[in-house]
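Undergrad: no letters, just coordinates:
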């Protein structure tokens with residue numbers, strides 16, 4: 001039975017995208033980008049600091065990494081807790097040793113549950129991203145606009161109290177969004193968000209109140225995705241990150257700047273049998289001459305008039 005032509009007739013059908021969130025262009029057709037000091041590959045290391053409640057409501061959806069066993073799921077809860085108590089300090093030591101400039105996505109509730117950790121980060125002066133309230137506050141379809149607006153407001157307010165400055169960027173838990181999330185973020189003063197992974201460069205993302213920067217933070221080489229979800233070895237994860245860096249660096253020399261977004265979770269890679277693989281990756285990335293080590297907010301700030309995707 002042939003497809004009814006009506007299925008292909010809708011107001012936004014056109015060349016490019018069928019929405020108005022960003023303008024269409026192919027990556028290879030855009031003007032070449034060069035990062036500071038003539039570098040061609042921007043390295044952005046994101047460390048997610050999270051709290052997974054032991055008895056999550058899971059509304060409107062349960063986020064990846066949430067508890068899966070009958071209450072009290074101490075097996076999984078304490079593993080996540082380990083990241084904030086033990087694993088994060090190993091990651092910080094490794095990041096310092098290799099002179100990295102990480103950005104931290106922080107659940108706002110950590111300011112109350114782990115004040116020593118948030119206090120240490122405040123002293124270090126790292127850039128902080130809003131990461132909602134906890135890993136049980138997803139931004140997803142089914143969440144009323146007023147409820148989500150309040151969730152964004154109180155999350156950003158608590159982080160500003162804890163760190164002495166409000167976040168400029170945002171990473172939604174699980175990279176989930178509702179239809180209104182970008183508009184609410186822009187209205188709350190956020191300048192860039194990291195939920196959309198459909199590019200290798202930042203691009204202008206249109207909202208009702210003005211533009212945001214969309215900053216692509218790769219899922220494909222994220223530690224939790226590779227090691228926990230795909231069940232690859234730690235050595236395989238390290239090789240995948242290095243391969244991605246090699247390819248993007250070579251491509252960036254030919255075609256213009258690229259971003260390597262590397263996402264780390266202390267409860268995953270802060271384990272004693274895994275940290276050596278993180279160190280191997282950081283050592284390798286630090287040896288590449290064309291890499292610019294950047295905090296997340298510095299990257300869109302270097303683009304004066306970027307071409308959108």
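TA: Looks like it came in fine. Note that the structure is predicted; figures quoted are calculated from it, not measured.

Undergrad: paired strands for the lengthiest strand in the chain, with orientation please.
TA: Among the segments of the chain that qualify as a strand by DSSP state E, the longest is strand 41-49. Strand 41-49 has these partner strands in its sheet, going by DSSP bridges: strand 103-106 (parallel), strand 258-264 (parallel), strand 291-293 (parallel).

Undergrad: let me see the ranges of the strands in the stretch 201-309 of the chain.
TA: When assigned using DSSP state E, counting those that start in this stretch, the strands of the stretch 201-309 of the chain occupy the ranges 203-207, 210-214, 258-264, 291-293.

Undergrad: highest average neighbour count across those strands?
TA: Neighbour counts (mean count of other C-beta atoms under 10 Å) averaged over each of these peak at strand 258-264, with a mean of 23. C-betas here are computed from N, CA, C, even on glycine.

Undergrad: what residue ranges in the chain score low on pLDDT?
TA: Scanning the chain with the threshold set as pLDDT under 70 gives 1, 304-309.

Undergrad: report the longest helix in it, please.
TA: Longest helix in the chain by number of residues (criterion: DSSP state H): helix 234-255.

Undergrad: flag every buried residue along that one.
TA: 234, 237-242, 244-245, 248-249, 251-252 (16 or more other C-beta atoms under 10 Å).

Undergrad: do the same with stretch 156-163
TA: The neighbour-count check on stretch 156-163 (16+ other C-beta under 10 Å) flags 156, 158, 159, 160, 162, 163 as buried.

Undergrad: among these, which lie within helices?
TA: For the buried residues of stretch 156-163, secondary structure assignment (DSSP H) places 156, 158, 159, 160, 162, 163 in helices.

Undergrad: who wins for proximity to residue 177 among the strands paired with strand 41-49?
TA: Go through those one by one with C-beta to C-beta and the one that ends up closest to residue 177 is strand 103-106, at 14.7 Å.

Undergrad: now the element after that closest one, going C-ward?
TA: Secondary structure here is assigned by DSSP states H and E; on that basis, the next helix or strand after strand 103-106 toward the C-terminus is helix 110-113.

Undergrad: ok now whichever helix or strand comes after that next one, how far from the chain's centre?
TA: Per DSSP H and E, the first helix or strand lying C-terminal to helix 110-113 is helix 115-124. In terms of C-alpha atoms, centre = their mean, to the nearest Å, the gap separating the centre of helix 115-124 from the centre of its chain is 20 Å.

Undergrad: and the angle for helix 115-124 with strand 41-49?
TA: Inter-element angle recorded for helix 115-124 and strand 41-49: 150 degrees (by axes from the mean of the first three to the mean of the last three C-alpha atoms, to 10 degrees).

Undergrad: can you list the helices and strands that helix 115-124 packs against?
TA: Where contact means 3 or more C-beta pairs under 8 Å, 6 or more residues apart in numbering; DSSP states H and E, helix 115-124 is packed against strand 103-106, helix 110-113, helix 145-163.

Undergrad: got a markdown table for the ones you listed, with distance to residue 209 too?
TA: What follows is the helices and strands packed on helix 115-124, written out as a markdown table (distance: least, C-beta to C-beta, whole Å):
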| stretch | distance to residue 209 |
| --- | --- |
| strand 103-106 | 23 |
| helix 110-113 | 27 |
| helix 145-163 | 12 |
